[in-house]
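[1] Structure here, sequence nowhere to be found:
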C-alpha cells in the first residue's frame, strides 16, 4: 500500500497492493491495523460504522455533500466498477487551504482509494455507465446534519473536466440543484493544526 499526501492536509490517495494473474486479482481494500498506522479512519481508534454503495450512469454528478457535527463523517472511497472523478473541498474555517479542492480519478483498473476526513465537502462525477461507487463512513448518516454546496460554485471554480470525458451537461438531482453557495456555509468545522 502506498500513501500519497495531497496539497491539502488530511486528504490522502491510497494505491492498493494488487495481486493478479490470468485468473483475476486479489486486493485488500481495508485492514484496520494498517490503515490506523497511516492515520486513515475514525479518530481515537473508533470504527467505520456505515458502508454505502451507489450506482451511476455516465454523467451523473453527486455533491458536494457533507455531514455536520455531531454526525460529521470521514469517508474511505473506492470504485468497484467503472470510474469517477472524485472531489473533496476543504470547508474547515481557519485552514490555510479553506475553499481549495483536490480531485482524483478513481477507477476499477487503477484501484486507488481516496481518504476524506471530516471537514470536507465531497462530490463525484461518474465517467462511465454502471459505475459502482463504495465508501466506508466514520459516522452514520443523519438527515438533520446534512450540508451541501453547489457543484458549480463560482468561488470554488472546480474543474470537473466535463469536456475531457465527453459530458456536455452533468445529470444533477433536484435536491442538489438547491445546494447553497460556498460563501453561505456555516462555520461547522474549525481547523485545528496538529
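    Received the coordinates, thanks. Here the structure is a predicted model, which means the values were calculated and not measured.
[2] so where's this protein shaky on pLDDT?
    Low-confidence segments of the chain, defined by pLDDT under 70: 44-45, 194.
[3] need the contact list for the most centrally placed residue in the chain.
    Nearest to the centroid of the C-alpha atoms of the chain, with distances taken as C-alpha atoms, centre = their mean, sits residue 122, at 4.8 Å. With C-beta atoms under 8 Å, 6 or more residues apart in numbering as the criterion, the residues that contact residue 122 are 63, 64, 65, 66, 75, 86, 87, 88, 89, 116. Every residue, glycine included, has its C-beta placed from N, CA and C.
[4] Specify the beta-bridge partners of the last one.
    Beta-bridge partners for residue 116, by DSSP bridges, are residue 75.
[5] Pull the contacting residues for it.
    Contacts here follow C-beta under 8 Å, 6+ apart; on that basis residue 116 touches 11, 74, 75, 76, 77, 88, 122.
[6] and those residues as JSON lines, adding distance to residue 148?
    Written out in JSON lines, the entries for those read as follows (distance: C-beta to C-beta, whole Å):
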{"residue": "11", "distance to residue 148": "19"}
{"residue": "74", "distance to residue 148": "17"}
{"residue": "75", "distance to residue 148": "15"}
{"residue": "76", "distance to residue 148": "21"}
{"residue": "77", "distance to residue 148": "17"}
{"residue": "88", "distance to residue 148": "14"}
{"residue": "122", "distance to residue 148": "10"}
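[7] Going by neighbour count, which of these comes out on top?
    Most neighbours among the contacts of residue 116, by other C-beta atoms under 10 Å: residue 88, with 29 neighbours.
[8] Can you tell me the element that one falls in?
    Assigned by DSSP states H and E, residue 88 belongs to strand 83-90.
[9] Next SSE downstream of that strand?
    Downstream of strand 83-90, the first helix or strand assigned by DSSP H and E is strand 101-107.
[10] partner strands of that next one, parallel or antiparallel?
    As defined by DSSP bridges, the strand partners of strand 101-107 come to strand 83-90 (antiparallel).
[11] what's in contact with the partner strand?
    8, 11, 56, 63-64, 77, 97-109, 114, 116, 119-128, 131, 133, 149, 156, 158, 160-161, 165, 182.
[12] try 6 Å
    Residues outside strand 83-90 that contact it (C-beta atoms under 6 Å, 6 or more residues apart in numbering) are 8, 11, 64, 77, 97-98, 100-107, 114, 116, 120-128, 158.
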